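Engineer: Just to be clear, the model below is a prediction. Sequence and coordinates:
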Amino acid sequence: MTMLQSASSRADILIAVGANLPRESGETAAETCLWAVDQLARIDSLSIIAVSDWYESAPVPPSGQPPYVNGVVRLSGRVDPAWLLARLHRIEAAAGRRRTVANAARPLDLDIIAMGDLVRASPDPVVPHPRATQRAFVLLPLRDVMPDWRDPVTGRPLDALLPGVAGQEITRRRAEDTD
């Protein structure tokens with residue numbers, strides 16, 4: 001995990017980063033994830049606080065796709081959720097993501113996991129992410145960057161959520177596998 005600066009009074013914003021296909025330009029999924037972190041750092045009004053270690057996980061739901069590289073970026077800032085989602089979609093598109101069918105393999109996937117204690121069911125995006133607490137590939141990297149995080153909907157801490165994802169296939173990647 002990389003800590004970049006101390007947190008301020010601004011809201012913590014958690015973004016899940018994942019990829020399981022190479023980009024058309026040849027970058028691996030791991031390289032694309034690192035590129036995405038750089039792109040997140042360029043978003044006005046946001047500052048990167050921490051980047052998790054990187055993990056390799058099986059697709060959820062199981063599909064025969066290649067494994068994913070996953071991580072979580074903790075940012076600080078105050079932005080509108082829809083504004084942020086539009087910027088994330090632009091980054092995904094620049095990486096070559098084409099939205100086809102749900103859960104399709106992709107060169108980049110960026111999801112808003114949480115924005116402080118904000119809870120909203122509509123309009124899009126739903127915050128916190130409705131399936132974040134059911135996914136090891138979100139919760140394990142999230143623990144790296146914000147171990148005291150609580151689900152804003154239920155108030156449950158990470159330690160109470162992790163047993164629910166214990167059977168999912170996920171391993172921490174070695175640093176040399178990501179560089």
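Structural biologist: Now that the structure is in, tell me what you want to look at.
Engineer: contacts and neighbour counts: CA atoms only from here.
Structural biologist: Will do.
Engineer: need the helices for this structure, in chain order.
Structural biologist: Residue ranges of the helices in the chain, as given by DSSP state H, are 29-41, 81-94, 136-145, 158-161, 175-178.
Engineer: Check which helices and strands the first one sits against.
Structural biologist: Judged by 3 or more C-alpha pairs under 8 Å, 6 or more residues apart in numbering; DSSP states H and E, helix 29-41 is in contact with strand 11-19, strand 46-51, strand 68-77, helix 175-178.
Engineer: Comparing the ones you listed, which comes out most buried?
Structural biologist: strand 68-77 (a mean of 27; mean count of other C-alpha atoms under 10 Å).
Engineer: now that one, how far from the centre of its chain.
Structural biologist: The chain centre lies 4 Å from the centre of strand 68-77; the measure is C-alpha atoms, centre = their mean, to the nearest Å.
Engineer: What are the buried residues along stretch 157-172?
Structural biologist: 158, 161, 162, 165, 170, 171, 172 (16 or more other C-alpha atoms under 10 Å).
Engineer: Now intersect those residues with the strands, please.
Structural biologist: 170, 171, 172 (DSSP state E).
Engineer: who touches the second one in this structure?
Structural biologist: This means residue 171. 55, 56, 57 (C-alpha atoms under 8 Å, 6 or more residues apart in numbering).
Engineer: picking up where we left off before, adding distance to residue 93 and pLDDT, write the ones in strands among the buried residues of stretch 157-172 out as CSV.
Structural biologist: Shown next, in CSV, are those (distance: C-alpha to C-alpha, whole Å; pLDDT from 0 to 100):
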residue, distance to residue 93, pLDDT
170, 26, 93
171, 27, 95
172, 27, 94
